[in-house]
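Trainee: predicted model follows, preceded by the sequence.
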Amino acid sequence: MERNISPETLERIVRFQKDELTGSILYEKIAARQKQEGNRHAFLEIAKAERSHYEVWKNYTGKDVAPNRARIFWFLLMSRILGVTFTLKFFERTEELGIREMETVEHDLPEVRPIIAEEEEHEDQLTAMVDEERLHYVGAIVLGLNDALVELTGTIAGLTFALANNRLVALSGIITGVSATLSMAASNYLAQRAENNPEALKSSAYTGVAYLITVVLIVLPYLLLPNEWYIEAFAIMISAVVLVILFFNYYVSVAQGLPFWKRFGEMVAISLGVAALSFAIGLAAKALLGVDI
């Protein structure tokens, strides 16, 4: 295509071309793993559109480019671990940056506008299309995760300074955590059964697994560090709590399009607030009862 294009703009076009080819291959690979025919067809249509955009950019550059294989591998791995919904929405967020960059060359290349419109349409199409099982149980996961964070963080914080012994704290945490996991899963099952939810067992399983994983992360520092390093174990435990809250809320905010900072702030404030209160109660109980271990 004959047109005077600055070297800077041409460099951007090569990046656009590479991104479109990368996206096309990624969508094709995800389509191949879809069990529902409707989902598979939609992914292939989007992959086809991305490939056509690649050809448009190729008309300007006059050459083929290689896809970003590392990016394809990373997003495919992410989709297996975190699910297709989160991965696609995260990928679309990165593509939004590309759209904003495309708009910078729209004045010189008016043909870019249809491409931008199609790219923006993709996100809405994907949002309406993907129906992932795990997102149906976010409420059950929140129940297990939040209860474990609040209850066990508070318990461990109180025991840490009351017992001042990592092994005893870990033992108490394991006993409390496993018991609470079974209790929480059973309670959620009964609650779901009372509401005639046919997936009551699956919902309770999500709650129990979320609770148990949180228990492991909270107790682990007390198992790995020497007995007398209880302050260090406590600091690592608090850091783990904040990271769990950070990761979970970021996952939900991306997958379900919910606000991140407000939900993150609420969970951190509640969990650490309970931990601080339990810490004070633990010190007071130790002093009042004269416990010295």
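Mentor: Thanks, I have it. Computed from a prediction, not measured in an experiment: that's the story for all the values here. Numbers count the residues shown, from 1 in each chain.
Trainee: nearest spatial neighbour of residue 23, skipping sequence neighbours?
Mentor: Distances taken as C-beta to C-beta, 6 or more residues apart in numbering put residue 50 closest to residue 23, at 4.4 Å, once the chain neighbours are dropped. Any C-beta I mention is one placed from the backbone N, CA and C, and that applies to glycine too.
Trainee: what about that neighbour, how many neighbours?
Mentor: A total of 24 residues lie near residue 50 under the criterion other C-beta atoms under 10 Å.
Trainee: pull the CA atoms of the helix or strand that contains residue 99 into CSV?
Mentor: Assigned by DSSP states H and E, residue 99 falls within helix 84-103. Output of helix 84-103 as CSV, limited to C-alpha atoms (Å, rounded to 0.1, in the frame of the first residue of the first chain):
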residue,chain,number,x,y,z
VAL,A,84,-10.8,-19.1,30.7
THR,A,85,-13.0,-16.2,31.9
PHE,A,86,-10.3,-14.6,34.0
THR,A,87,-7.6,-15.2,31.3
LEU,A,88,-9.7,-13.8,28.4
LYS,A,89,-10.7,-10.7,30.4
PHE,A,90,-7.1,-10.1,31.5
PHE,A,91,-6.0,-10.6,27.9
GLU,A,92,-8.6,-8.1,26.7
ARG,A,93,-7.3,-5.6,29.2
THR,A,94,-3.9,-5.8,27.7
GLU,A,95,-5.5,-5.4,24.2
GLU,A,96,-7.2,-2.2,25.5
LEU,A,97,-3.8,-0.6,25.7
GLY,A,98,-3.2,-1.6,22.1
ILE,A,99,-6.5,0.0,21.1
ARG,A,100,-5.5,3.3,22.8
GLU,A,101,-2.3,3.1,20.8
MET,A,102,-4.2,2.5,17.6
GLU,A,103,-6.1,5.6,18.2
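Trainee: now do the contacts for the residue nearest the centre of the chain.
Mentor: By C-alpha atoms, centre = their mean, the chain has its centre lying nearest to residue 251, at 2.5 Å. Neighbouring residues of residue 251 by C-beta atoms under 8 Å, 6 or more residues apart in numbering: 82, 86.
Trainee: hmm, back to that, distance from the chain centre to the helix holding residue 99, please.
Mentor: Distance of helix 84-103 from the chain centroid (C-alpha atoms, centre = their mean, to the nearest Å) equals 16 Å.
Trainee: renumber starting at 47 from here on
Mentor: Got it, first residue is 47 now, which makes that one helix 130-149.
Trainee: tell me the helices and strands packed up against it.
Mentor: On a contact count with 3 or more C-beta pairs under 8 Å, 6 or more residues apart in numbering; DSSP states H and E, helix 130-149 meets helix 53-78, helix 115-128, helix 158-175, helix 276-302.
Trainee: so where's the protein uncertain?
Mentor: 47-50, 141-144, 152-153, 166, 168-182, 185, 302, 328-329, 332, 336-339 (pLDDT under 70).
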